[in-house]
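Q: have a look; sequence and predicted model below, questions after that.
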Amino acid sequence: MAIIPITVYGDKILREKTKTVKQIDGILIKNIKDMFDTMRNANGIGLAANQVGLNKSVFVVDLKEVEGYENFKPVVMINPKIAEVSDENVIIEEGCLSLPNLRAEVERPKKILVEYIDTDEKENSLEADDLFARVILHEYDHLIGKMIPDRVSSEMKKKLQEELLQIKNRDVKVDYLITSKE
Ligand code: ZN
């Protein structure tokens, strides 16, 4: 089991668009395993590769620990694309392992169609709604260099400024491993 320090707000890699995965090799499979270990160790339900310092278009999701999702099968999405979104939006409070202790309400589509490649190099498409859609959209955002503060009103973003600065300065209490300041 390998736990990798999680990148936090201020780390440059979180602002970069991740690179398309060209080859699903042993290194990538090991990366994915480490991502699951790191996510579960931090009690997360989703984690993108750039949150463990990897510039690769891949994220993992596991909702098993969430009430009502006990039968959820962990998912790996490589080179995902959001193909369709519903007209209906919902506002849900979100957190992020790269924004320790911060919570903010974010409006996003209720339902989505996502296309991706799985670890068997098979092309897949999947319809997701509610929490699952929410986590996919959040993780997809990471892969294009976006985070919660980019998805809230400018008024809300102002309110978050102080907390964001504290995170950037590691002036926060976190019970999992994070990167040290760049
Ligand atoms: Zn996040």
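A: Structure received.
Q: in three-state terms, label the residue sitting furthest away from the middle of the chain for me.
A: What lies farthest from the middle of the chain is E155; by Cα atoms, centre = their mean that is 23.7 Å. Here E155 is recorded as helix under DSSP: H, G, I helix; E, B strand; the rest coil.
Q: G95 versus that one, what's the distance?
A: Separation of E155 from G95 (Cβ to Cβ, to the nearest Å) stands at 20 Å. All C-beta atoms are positioned from the backbone trio N, CA, C, and that covers glycine.
Q: hmm, M39 is touching A48, no?
A: No - using Cβ atoms under 8 Å, M39 is not in contact with A48; the gap is 9.8 Å.
Q: contacting residues for the spatially most central residue of the chain?
A: The centre of the chain sits closest to E139, judged by Cα atoms, centre = their mean, with a distance of 3.0 Å. Each residue near E139 by Cβ atoms under 8 Å, 6 or more residues apart in numbering is listed here: G46, L47, A48, F59, V61, M77.
Q: now the residue nearest to it when sequence neighbours are not counted: which helix or strand?
A: Once flanking residues are discounted, E139 sits nearest to F59: 3.8 Å by Cβ to Cβ, 6 or more residues apart in numbering. In this structure, F59 sits in strand 58-61 according to DSSP states H and E.
Q: that strand pairs with which strands, and in what direction?
A: Strand 58-61 has its sheet partners listed here by DSSP bridges as strand 46-48 (antiparallel), strand 75-85 (antiparallel).
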